[in-house]
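Engineer: Task: produce atomic coordinates for the following.
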Amino acid sequence: KGGPRAVNVGISINEVQYLAHSESSFEYRRHPVITDTENRFGGAGGGTVVLLKGLSLDWGADQYSCQFGDLPHYPAIYSEDGLACPSPPLEGDAPADVTVTLFTADGLQRLATSNLPFVYSQEIQVLSLTPD
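Structural biologist: Next up is the predicted model:
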C-alpha cells in the first residue's frame, strides 16, 4: 500500500547465513499508467514534443525513454506536467500512425503504452507567399 518505499535486502545462499549490506536496498514503485497524450500529430522529420500524462510518472528525470513504433528509443524529459518525448524522424513514408511506448531509461523494460497513436504526416513546404 501507499507510494514508493525502500526496503533493505539481505542475500543468503543457505537461508541461514545472510550477507547484510546497509547500502543494499530495493525500492517498490507503482507501475506507470499513461492517461492522456498531448501533441499527437507531427512531421515525418521528427522533433515534435509529445507530452505523456498519467499516474506514477514521477520515478525521476533520467528514468524513462520513449519509443515511437519500432524506431529507436529517445530519453524522456521529466516535468511537472508529464513526460516530454521528442519524436524521432520517421523511417519510411508518411502518413503513418505509431504507438508511443514508455520504457525504462535503458530500453529493456516496457512500462506503459499510450492508447492514442502518434500520427506522422508529410512535411509541409511553403512554396510561395503573397503579397511579396
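Engineer: C-terminal to the worst-scoring helix or strand of the chain on mean pLDDT, which secondary structure element comes first?
Structural biologist: Lowest by mean pLDDT, DSSP states H and E among the helices and strands of the chain is strand 18-28, with a mean of 62. Using DSSP states H and E, the next helix or strand after strand 18-28 towards the C-terminus is strand 33-38.
Engineer: moving C-terminal of that next one, what's the next helix or strand?
Structural biologist: strand 41-43.
Engineer: What residues sit buried inside whatever helix or strand comes next after that next one?
Structural biologist: In the C-terminal direction, the helix or strand that comes right after strand 41-43 (DSSP H and E) is strand 49-55. For strand 49-55, burial by neighbour count (16 or more other CB atoms under 10 Å) applies to 50-52, 54. All C-beta atoms are positioned from the backbone trio N, CA, C, and that covers glycine.
Engineer: how distant is strand 49-55 from the center of its chain?
Structural biologist: Centroid displacement of strand 49-55 relative to its chain, using CA atoms, centre = their mean, to the nearest Å, is 8 Å.
Engineer: quick one: average pLDDT of the helix or strand just after it?
Structural biologist: Next helix or strand after strand 49-55 toward the C-terminus (DSSP H and E): strand 64-68. What strand 64-68 shows for mean pLDDT is 93.
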